[in-house]
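Colleague: A structural model of the following input is requested.
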Amino acid sequence: MSTEDRYGSMKAGATKPIEAEKAKKFFYSANDIDKPCSSPSEPNVDHTVRSVCTQIHKLLDHSVRHHKKNPKVIPVFCEDLHSLGVTDMTQIPLPQIEHMHIFMVYIMHQLQMNPQCSIICLIYLERLITDAKVVLHPINWRRLVVISLLMASKVWEDHSVRNAAIVQRAFPFFTVKEINVMEQEFLELLDFNLTITPQEYLEYYFSLRELCGADFLAKLKKEELELLETKSKQQSRTAASRPKSIDESALSLHVSSLSSSTPLPSTQTTSEPARQECAASSSASPSSSSQQQPVEQHASSTTSESDATPSPLNK
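Modeller: Residues are numbered from 1 along each chain as shown. Now for the predicted structure:
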């Protein structure tokens, strides 16, 4: 069985890894003009994965164009040349972005990964290139992507993907032992440096979103651009005409009532009995002056008791 058949053939007429209906339910369509909002905590799945694949394709293209005599490709991540139908690794063609996109979508769909894992996957791959000097090549990109997504899931998600799940749900031609060996080699190459800082994640997220936005706008026709601009203006008008959450009249009435109320005496110059007397006098009506006498008697008795014990307020 060839590698294309094992990983899911991308040729015309071949069976797709996932059905179109399932993909439409789980992922957003790239042809939809009404794009859902994207944020660092909830990035758009289809756009993010496509941008990650575009960047990986650029790295692959660079390694093919600047081919070294003895590139550092780890044997455990390399595929069999015979299964690829070539006799030399220089004969392996560069994969298409669409092929890479379907490959990553298949993995994330089968293992139910969050879209953030694709961004972290790209961070790990670029660390392999810059820190471990590993060459990302058409002979090893599939296995490196699989292990990078696996590590991203274990670092990011609360319920991470287990190694056995890759064999059971995605690639049955692998064994759990092979996955364990690749995982160990991957960790040693990165020197177990799997930490992702918030700043690093945001830098990759916004760079990928900018890349996706430029790609998306380049593919749109003139009519679609005008439609997108019209809908954007309509949304702006709707947001401007939306009623405010707080009624300004009620707010002004509340402020005026607060300003007209009797201010309370300062606690730094007035004792507690005096404050009680002030609160009682403000709540009582003018006709109920006789009811204030018990309060005054209570205040005077309390003041006489407090004279026996010196207090900072009485000095």
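
Colleague: What is the burial count for Asp61?
Modeller: Neighbour count of Asp61, defined by other CB atoms under 10 Å: 12. For every residue, glycine as well, the C-beta is placed using N, CA and C.

Colleague: How about His159?
Modeller: Using other CB under 10 Å, the number of residues around His159 comes to 7.

Colleague: where does it land in three-state SS?
Modeller: Put simply, His159 is coil when judged by DSSP: H, G, I helix; E, B strand; the rest coil.

Colleague: Low-confidence bits of the stretch 51-200 of the chain, can you list those?
Modeller: Scanning the stretch 51-200 of the chain for pLDDT under 70 picks out no residues.

Colleague: Do a quick rundown of the helices in it.
Modeller: Per DSSP state H, counting those that start in this stretch, the stretch 51-200 of the chain carries helices over the ranges 81-84, 97-111, 116-130, 141-156, 163-165, 176-189, 198-219.

Colleague: Now the second one: buried residues?
Modeller: The neighbour-count check on helix 97-111 (16 or more other CB atoms under 10 Å) flags 99-111 as buried.

Colleague: Packing partners of it?
Modeller: Applying 3 or more CB pairs under 8 Å, 6 or more residues apart in numbering; DSSP states H and E, we find helix 97-111 packed against helix 20-26, helix 45-65, helix 116-130, helix 141-156.

Colleague: Out of the helices of the stretch 51-200 of the chain, which gets nearest to Lys233?
Modeller: helix 198-219 (17.0 Å; CB to CB).

Colleague: Which secondary structure elements does the helix or strand just after that closest one sit against?
Modeller: Following helix 198-219 in sequence order, the next helix or strand is helix 222-241 (DSSP states H and E). For helix 222-241, not one helix or strand is in contact under the criterion 3+ CB pairs under 8 Å, 6+ apart.

Colleague: Now helix 222-241 - C-alpha only, CSV.
Modeller: Extracted C-alpha coordinates of helix 222-241, given in CSV (Å, rounded to 0.1, in the frame of the first residue of the first chain):
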residue,chain,number,x,y,z
LYS,A,222,-15.2,42.4,-7.0
GLU,A,223,-18.9,41.7,-6.4
GLU,A,224,-18.1,39.7,-3.3
LEU,A,225,-15.9,42.5,-1.9
GLU,A,226,-18.7,45.0,-2.5
LEU,A,227,-21.1,42.7,-0.7
LEU,A,228,-18.8,42.3,2.2
GLU,A,229,-18.3,46.0,2.5
THR,A,230,-22.0,46.6,2.4
LYS,A,231,-22.7,44.1,5.2
SER,A,232,-19.9,45.6,7.3
LYS,A,233,-21.6,49.1,7.0
GLN,A,234,-25.0,47.7,7.8
GLN,A,235,-23.6,46.0,11.0
SER,A,236,-22.0,49.3,12.0
ARG,A,237,-25.3,51.2,11.6
THR,A,238,-27.1,48.5,13.6
ALA,A,239,-24.6,48.8,16.4
ALA,A,240,-24.9,52.6,16.4
SER,A,241,-28.7,52.6,16.5
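
Colleague: if we can go back for a sec, mind putting the helices and strands packed on helix 97-111 in JSON lines, distance to Ser232 included?
Modeller: JSON lines is the format used below for these (distance: least, CB to CB, whole Å):
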{"stretch": "helix 20-26", "distance to Ser232": "25"}
{"stretch": "helix 45-65", "distance to Ser232": "17"}
{"stretch": "helix 116-130", "distance to Ser232": "26"}
{"stretch": "helix 141-156", "distance to Ser232": "32"}
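
Colleague: Quick one: closest of those to Leu208.
Modeller: helix 45-65 (4.0 Å).

Colleague: thinking again about what came up before, nearest to Lys58, of the buried residues of helix 97-111?
Modeller: Closest to Lys58, out of all of these and judged by CB to CB, is Met100, at 11.2 Å.

Colleague: ok, that closest one to Leu84 distance?
Modeller: 16 Å (CB to CB, to the nearest Å).

Colleague: Pipe the helices of the stretch 51-200 of the chain into CSV and attach distance to Gln91 per row.
Modeller: CSV is the format used below for the helices of the stretch 51-200 of the chain (distance: least, CB to CB, whole Å):
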stretch, distance to Gln91
helix 81-84, 8
helix 97-111, 17
helix 116-130, 22
helix 141-156, 16
helix 163-165, 32
helix 176-189, 24
helix 198-219, 30
